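1. Pasting the sequence and the predicted coordinates here, then a few questions.
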Amino acid sequence: MAKHFLSLNDFSLEELNEILALASYLKAEMKKDRLNVDADYSLKGQILAMIFESPSTRTRVSFDVAMRQLEGETITLAPGDMQLGRGETIADTARVLSRYIDAIMIRILDHDDLLELASHSDVPVINGLTKMEHPCQILADILTYQEHRGDVKGKIVSWFGPYNNVTRSLMQAAHIFGFELRIACPKEMAPSADETTPLINAGSKIIVTHDPVEAAKNADCFVTDVWESMGDDFATDITAILAPFQITNDLFSYAKDDALFMHCLPAHRGEEVSADVIDGHRSVVFDEAENRMHIQKAILAWLLKKS
């Protein structure tokens, strides 16, 4: 049975640390010599199918380049390119693609569709993003934090804005890697107790607050995302509701002096973050974006060499 990468919850700390270490190694090797790949991790002759329900910049380019740098090949598919967009079942699509290619990366809103694809696929399936979770992004964030500040265990990571797929994966990471996660958001955009309580009871330090200053105090890292993500359907204008949760230099004054700023991009300056923060000295967003490629390269090599 193929090993998939669908959720951080599916992996142990040891396994995720293996992927992070491999990402660091492959990144260093690429910086030394872009044209030569460690033979132990070469995917020469293997093909990654990339399925996109909607347009993408970072996910598409980072996975494409990651596979190519490992000497593999890619094929990109949109719904209009496939019978999936004309009524073919996800199960049949998975069964057919498994006969043609070596791995599938899919970026699709419905998490259940991802799970169904994986359950019928004989090759590894990677979650490029769903409305529920964004595991590749969070591993890239952790890699970025490690590069700039070291081990994330015991640190304070503060999220500002609506609870979404990135926040959910951050909660999972907080539980696995042992950092404190503070979620600052309006009451109507907070995670449910059904999601937070089991993690807290299991020993995770997850704090939900509606006071951005409380979340900011002595934090090691601020994280946010666009206020309206793919598939969001808010009944009212959310700008006024979320305005107090914009990350600004004033909010950063409550954090540690060396606190970092992260954002999975694309960013809307003047909404979830001020321009002077995202373009300032605390921001590591472009290192973070680059690390998507290195993490995904490691995931591909780890899955396909173990499968």
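-> Yep, it's here. Numbers count the residues shown, from 1 in each chain.

2. Pull out the buried residues from stretch 212-225.
-> 212, 215-216, 219-225 (16 or more other C-beta atoms under 10 Å). Placement of C-beta: from N, CA and C, glycine included.

3. Report the two of those separated the most.
-> Spanning the widest gap among these are D220 and D225, at 18.4 Å by C-beta to C-beta.

4. what's the neighbour count on H120?
-> 18 (other C-beta atoms under 10 Å).

5. same question but for L6, I mixed them up
-> Residues lying near L6 (other C-beta under 10 Å) number 21.

6. show me the contacts for it.
-> Remark: with contacts taken as C-beta atoms under 8 Å, 6 or more residues apart in numbering, L6 is in contact with 114-115, 118, 125-127, 133, 135.

7. measure I278 to N249 for me?
-> 11 Å (C-beta to C-beta, to the nearest Å).

8. Hmm, I typed the wrong one, I wanted K44.
-> Distance, K44 to N249, using C-beta to C-beta: 48 Å.

9. How about P266?
-> Using C-beta to C-beta, which is the criterion applied here, P266 is 21 Å from N249.

10. Equivalent analysis for L300, please.
-> 38 Å.

11. of those two, who's got more company?
-> Shown here are L300 and N249; by other C-beta under 10 Å, L300 has more neighbours (27 against 11).

12. secondary structure element for the spatially most central residue of the chain?
-> In the chain, the residue lying closest to the centroid (C-alpha atoms, centre = their mean) is Q137, at 1.8 Å. Assessed by DSSP states H and E, Q137 sits inside helix 135-149.

13. next structured bit after that helix?
-> strand 156-160.

14. helices or strands up against that following strand?
-> The contact analysis (3 or more C-beta pairs under 8 Å, 6 or more residues apart in numbering; DSSP states H and E) places strand 156-160 against helix 165-177, strand 180-184, helix 212-216, strand 221-224.

15. between these, which gets nearest to T59?
-> helix 165-177 (12.7 Å).

16. the inter-axis angle of the closest one versus strand 180-184?
-> Helix 165-177 and strand 180-184 are oriented at 160 degrees to each other (axes from the mean of the first three to the mean of the last three C-alpha atoms, to 10 degrees).

17. mean confidence score for helix 165-177?
-> Mean per-residue pLDDT for helix 165-177: 98.

18. how distant is that helix from the center of its chain?
-> Averaging C-alpha positions (C-alpha atoms, centre = their mean, to the nearest Å) puts helix 165-177 10 Å from its chain's average.

19. Stretch 165-184 too?
-> 12 Å.

20. these two touch, right, the residue nearest to the centre of the chain and R292?
-> Yes. In this structure, Q137 is within contact of R292 by C-beta atoms under 8 Å, at 6.8 Å.

21. Show the pLDDT at A235.
-> 51.

22. which residues of the stretch 201-307 of the chain fall in strands?
-> Ranges of strands within the stretch 201-307 of the chain are 206-209, 221-224, 260-263, based on DSSP state E, counting those that start in this stretch.

23. between these, which gets nearest to L26?
-> Taking C-beta to C-beta, strand 260-263 is the member of the strands of the stretch 201-307 of the chain nearest to L26, at 21.3 Å.

24. which outside residues touch the closest one?
-> With C-beta under 8 Å, 6+ apart, strand 260-263 has contacts from 141, 144-145, 148-149, 220-225, 247, 252, 272-273, 277-278, 280, 282-285, 288.

25. tell me, how many neighbours does the closest residue to the residue nearest to the centre of the chain other than its chain neighbours end up with?
-> Closest residue in space to Q137, ignoring its immediate chain neighbours: C264 at 5.0 Å, by C-beta to C-beta, 6 or more residues apart in numbering. Neighbourhood size, C264 [other C-beta under 10 Å]: 24.

26. One more: R60?
-> 17.

27. Let me know the helix or strand that it is in.
-> helix 58-69.

28. tilt between that helix and helix 135-149?
-> Interaxial angle of helix 58-69 relative to helix 135-149 (the same axes, to 10 degrees): 80 degrees.

29. who does the helix or strand just after helix 58-69 touch, helix- and strand-wise?
-> As assigned by DSSP H and E, the chain's next helix or strand after helix 58-69 is strand 73-77. Packing partners of strand 73-77 (3+ C-beta pairs under 8 Å, 6+ apart): strand 47-52, helix 58-69.
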